[in-house]
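J.: Please find the sequence and the predicted model below.
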Amino acid sequence: MPLREIDRQLIDRCLAHEPGAWNDFVDRYLGLIYHVIQHVKHARSVELSEADTEDIAAEILLAIVDNDYAVLRRFKGNSSLPTYLTVVARRICVKETIKRRREAELGHSTAHRAIVDDDSSEVQVEPIIAAEEVERLLAELPEREAQVIRLYHLKFLNYRQIGKQLGLPENSIGPILTKARQRLRRSVDQKSAAPG
């Protein structure tokens, strides 16, 4: 099935960062993403909580917007956009369900979820770094990740407020924060390991 004009326009609008384009994309394809997750869940006989399902949907959406919509840039139009997105979503969903199954088998699932759900404890445990060092570290992050970190940790906005301010889906904020924190930790570790 060829690429429909409405989808071509939607892709072009997203790639041009047109205001409202991402929201239109999510409105059009979020149902498809949830359908793919449910299909994988049944096909692989995997138990997924509502929170797990939302996390996986957020990971899929994040993968689509990551690296300036690299997933959409790679789309050649040889199939319909829904077909392409189904393949992308299925691949991510399978990877995420395997990861969750391993976590459960190792008994880490509950502990991991508690850490992810209680961001405030993580903030309290991490050492406080001088403001200049924080800004230097944030400058090394991709702009979107730096914005989310600033709004969450420095301006104390919640996920909904951040999503609204940056024009991002609320359920993508958690994965963005996680990824940004991982980058920051790697950067701090590399600086610590570097000879003084």
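T.: Thanks, I have the structure now.
J.: What does residue 169 show for phi and psi?
T.: Dihedral angles of residue 169 (phi, psi; degrees, to the nearest 10) stand at phi -60, psi 140.
J.: Run through the residues that contact it.
T.: Contacts for residue 169 (CB atoms under 8 Å, 6 or more residues apart in numbering) come out as 22-23, 26, 58, 61, 163. All C-beta atoms are positioned from the backbone trio N, CA, C, and that covers glycine.
J.: And those, which is closest to residue 190?
T.: Using CB to CB, residue 58 comes nearest to residue 190 of the contacts of residue 169, at 27.8 Å.
J.: what kind of secondary structure is the closest one in?
T.: When classified by DSSP: H, G, I helix; E, B strand; the rest coil, residue 58 comes out as helix.
J.: Distance of the residue nearest to it when sequence neighbours are not counted relative to residue 139?
T.: Nearest residue to residue 58, sequence neighbours excluded (CB to CB, 6 or more residues apart in numbering): residue 171, at 4.1 Å. For residue 171, the distance to residue 139 equals 27 Å [CB to CB, to the nearest Å].
J.: higher neighbour count, the two?
T.: residue 171 (18 against 9; other CB atoms under 10 Å).
J.: didn't the more buried one look like it was pressed against residue 61?
T.: Yes: the criterion here is CB atoms under 8 Å, and residue 171 meets it with residue 61 at 7.2 Å.
J.: burial count for residue 46?
T.: 18.
J.: Run a quick neighbour tally on residue 93.
T.: Other residues close to residue 93 by other CB under 10 Å number 25.
J.: For it, give me the pLDDT.
T.: Note on residue 93: pLDDT of 91.
J.: That one: what's its closest spatial neighbour, skipping adjacent residues?
T.: Using CB to CB, 6+ apart, the nearest residue to residue 93 is residue 40, at 4.5 Å.
J.: Check whether that neighbour really touches residue 90, as I assumed.
T.: Yes: the criterion here is CB under 8 Å, and residue 40 meets it with residue 90 at 6.2 Å.
J.: Show me which of the two is the more surrounded one.
T.: A count of neighbours by other CB under 10 Å puts residue 40 above the other of residue 40 and residue 90, at 20 against 17.
J.: quick one: secondary structure of residue 3?
T.: coil.
J.: tell me the domain ranges of the protein?
T.: For the chain, automatic domain parsing gives the domain ranges 5-116, 118-190.
J.: Worst mean pLDDT among those domains?
T.: Taking the mean pLDDT of the domains of the chain, domain 118-190 comes last: a mean of 73.
J.: and that one, how far from the chain's centre?
T.: 13 Å (CA atoms, centre = their mean, to the nearest Å).
J.: and what of stretch 185-193?
T.: Taking mean C-alpha positions (CA atoms, centre = their mean), stretch 185-193 and its chain are 23 Å apart.
J.: Give me the residues contacting that stretch.
T.: Contacts of stretch 185-193 (CB under 8 Å, 6+ apart): 137, 140.
J.: Restricting to C-alpha, output that stretch in PDB.
T.: Extracted in PDB, the C-alpha atoms of stretch 185-193 (Å, rounded to 0.1, in the frame of the first residue of the first chain):
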ATOM      1  CA  ARG A 185      26.400   9.800  35.100                       C
ATOM      2  CA  ARG A 186      28.600   8.500  32.200                       C
ATOM      3  CA  SER A 187      30.000  12.000  31.800                       C
ATOM      4  CA  VAL A 188      30.700  12.400  35.500                       C
ATOM      5  CA  ASP A 189      32.300   8.900  35.600                       C
ATOM      6  CA  GLN A 190      34.500   9.700  32.700                       C
ATOM      7  CA  LYS A 191      35.600  12.900  34.300                       C
ATOM      8  CA  SER A 192      36.300  11.100  37.600                       C
ATOM      9  CA  ALA A 193      38.400   8.500  35.800                       C
END
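J.: Sweet, I'm off.
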